[in-house]
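Enquirer: Here's a sequence, model it:
(one chain, ligands or ions: 2)
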Amino acid sequence: MKAVLVEEPGSVNVVSMPDPSPAPDEVVVQVGACGICGTDIHIIDGEFPPTVYPIVIGHEFGGEVVAVGKDVEGFAVGDRVGVDPTLNCGACYYCQRGMGNLCERWNAVGVGHHPGGFAEFVAVPERVVYPLPEAMSMKAAALIEPVSCVVRGFHRLQPQTGESYLIYGAGPMGLLNAQVARYNGASTVALIDINRSRLERAKQEFGFEHVATSLDELRNLAPRGFDNVIEATGVTKVAERAIDAVKRRGKLLLFGVCPPGEKASYDAFKIYNEEITILGSMAVLNSYGPAIDIIAAGAIDTDRMVTDTYTLDQFPQAEAHVRSGKGLKVQAAGTNA
Ligand SMILES: [Zn+2]
Ligand SMILES: [Zn+2]
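Expert: Numbering: from 1, shown residues only. Ligands and ions are numbered 1, 2, ... in the order given. All right, here's what the predicted structure looks like:
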């Protein structure tokens with residue numbers, strides 16, 4: 001089969017390798033579509049410490065079951081499925097306490113040390129495989145994982161119906177957060193980005209009328225700030241300044257992946273005096289199933305979220321496209337999509 005192999009940081013190639021065969025507890029999925037994520041770019045650039053090289057990347061994918069191991073009971077050849085890439089060990093301190101996303105032996109499909117979805121086929125344990133609703137396209141299936149990260153963020157945030165939201169970043173993750181906020185009963189959803197074309201798209205294509213390049217432009221809309229501020233740029237300076245947008249007793253969710261080691265400084269008195277909460281949200285935890293359900297219910301405009309589709313052979317072009325910052329979700333598909 002063909003697969004996108006990152007040999008070592010900086011070396012990424014479409015290579016030919018043996019088709020996987022399933023271990024007793026695994027199913028083999030023929031990949032229908034796989035999305036490129038910022039994490040894939042970090043892995044290619046050697047900026048994601050947990051990755052063990054060489055690795056076949058790709059952790060946002062759906063496909064069709066083509067083989068099942070002898071102990072698999074829940075799936076059969078021909079089933080259309082999505083895959084939660086999380087491969088927590090189930091036995092460490094955190095896993096035993098229900099915090100599998102914080103596993104001490106952390107691993108994930110296409111990210112840690114298990115081959116991923118930028119391949120024609122991928123073998124994964126049955127426990128991370130989910131059946132897809134009949135009407136869900138492969139394009140939408142490859143969006144479940146990023147949406148499941150957003151759902152995890154909302155499980156952390158625990159917002160109330162009728163609250164206001166400000167999202168920093170109008171890229172793919174910012175727009176997914178904004179759509180989940182709207183679906184979740186938001187009174188107001190505003191977005192800030194320095195890229196005006198992204199703001200224009202958020203407004204014209206996704207119907208978010210409150211867009212701005214700085215917080216100052218939103219002071220009339222929310223003179224006291226916002227109940228929920230979600231940082232989805234991964235820029236440490238933005239994570240720092242985002243505190244200025246939080247209303248008294250409001251919450252700041254650090255959703256974007258900032259570079260490790262960089263420091264943000266906050267006015268400790270303000271956090272005390274205004275009862276502000278700052279939260280982190282890490283990947284996926286019990287949120288892949290709910291992500292399938294809200295996508296099936298229409299929470300996300302999946303057609304508009306996927307702006308560009310490439311074949312597996314065209315991975316270098318797809319990667320260049322993501323790096324250019326143009327478009328939203330870029331997907332590269334397996335053979336049958
Ligand atoms: Zn991702
Ligand atoms: Zn564990």
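Enquirer: Now the host helix or strand of A291: buried residues?
Expert: For A291, the host element (DSSP states H and E) is helix 288-296. Of the residues in helix 288-296, those with enough neighbours to count as buried (16 or more other CB atoms under 10 Å) are 288, 291-292, 294-296. For every residue, glycine as well, the C-beta is placed using N, CA and C.
Enquirer: Could you dump the residues you listed into TSV with pLDDT and distance to V6 added?
Expert: Supplementary listing: the buried residues of helix 288-296 in TSV, determined by pLDDT from 0 to 100; distance: CB to CB, whole Å:
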residue	pLDDT	distance to V6
Y288	98	24
A291	98	26
I292	98	28
I294	98	32
I295	98	29
A296	98	33
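Enquirer: is it possible to export these to TSV including distance to R198?
Expert: TSV is the format used below for the buried residues of helix 288-296 (distance: CB to CB, whole Å):
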residue	distance to R198
Y288	27
A291	23
I292	27
I294	23
I295	22
A296	27
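Enquirer: now the most centrally placed residue in the chain, what's its secondary structure?
Expert: Closest to where the C-alpha atoms of the chain average out (CA atoms, centre = their mean) is P146, at 2.5 Å. Following DSSP: H, G, I helix; E, B strand; the rest coil, we place P146 in the helix state.
Enquirer: show me what contacts it?
Expert: Contacts for P146 were tallied using CB atoms under 8 Å, 6 or more residues apart in numbering; they are 35, 37, 60, 172-173, 176, 329.
Enquirer: can you list the residues you listed in a markdown table and add distance to A135?
Expert: Putting the contacts of P146 into a markdown table (distance: CB to CB, whole Å) gives the following:
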| residue | distance to A135 |
| --- | --- |
| G35 | 19 |
| C37 | 25 |
| E60 | 20 |
| P172 | 23 |
| M173 | 25 |
| L176 | 20 |
| K329 | 19 |
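Enquirer: hey, what's G280 bridged with?
Expert: L254 (DSSP bridges).
Enquirer: roughly how far apart are the nearest residue to E275 once chain neighbours are set aside and Y165?
Expert: Leaving aside its chain neighbours, E275 sits nearest to R249 (4.4 Å; criterion: CB to CB, 6 or more residues apart in numbering). From R249 over to Y165 the distance is 15 Å, taken as CB to CB, to the nearest Å.
Enquirer: ok, those two, which is more surrounded?
Expert: Relative neighbour count places Y165 above the other of R249 and Y165, with 26 against 10, counting by other CB atoms under 10 Å.
Enquirer: what sits against that one?
Expert: With contacts defined as CB under 8 Å, 6+ apart, Y165 is in contact with 159, 177-178, 181, 186, 188-190, 226-230.
Enquirer: avg pLDDT for the helix or strand harbouring it?
Expert: The secondary structure element spanning Y165 is strand 164-168 (assigned by DSSP H and E). pLDDT averaged over strand 164-168 equals 98, rounded to a whole number.
Enquirer: What is the subsequent helix or strand relative to it?
Expert: helix 172-183.
Enquirer: Report the distance from the helix or strand just after that next one to the chain centre.
Expert: Next in sequence after helix 172-183, counting helices and strands by DSSP H and E, comes strand 188-192. Here the centre of mass of C-alpha atoms in strand 188-192, compared against the chain's by CA atoms, centre = their mean, to the nearest Å, lies 19 Å away.
Enquirer: Quick check: next helix or strand after strand 188-192?
Expert: On the C-terminal side of strand 188-192, the closest following helix or strand by DSSP H and E is helix 196-204.
Enquirer: Quick one: name whatever helix or strand follows that next one.
Expert: Beyond helix 196-204 in the direction of the C-terminus, DSSP H and E gives the next helix or strand as strand 210-212.
Enquirer: what helices or strands is that next one leaning on?
Expert: Helices and strands in packing contact with strand 210-212 are listed as strand 188-192, helix 196-204; criterion 3 or more CB pairs under 8 Å, 6 or more residues apart in numbering; DSSP states H and E.
Enquirer: so what strands line up beside it?
Expert: For strand 210-212, sheet partners with direction are given as strand 188-192 (parallel), following DSSP bridges.
Enquirer: Quick check: residues of the protein near ligand 2?
Expert: Residues of the chain lying close to ligand 2 (CB under 5 Å from the ion) are 88-89, 92, 95, 103.
Enquirer: ok, now which ones touch C34?
Expert: By CB under 8 Å, 6+ apart, the contact set of C34 is 58, 60-61, 116-118, 142, 331-334.
Enquirer: Tell me the secondary structure of it, please.
Expert: Reduced to three states with three-state DSSP, the structure at C34 is strand.
Enquirer: So in terms of bridging, what pairs with it?
Expert: F61, A332.
Enquirer: Check the offset of the helix holding A291 from the chain's centre.
Expert: The chain centre lies 13 Å from the centre of helix 288-296; the measure is CA atoms, centre = their mean.
Enquirer: helix or strand right after that helix?
Expert: Using DSSP H and E, the helix or strand that directly follows helix 288-296 along the chain is helix 302-305.
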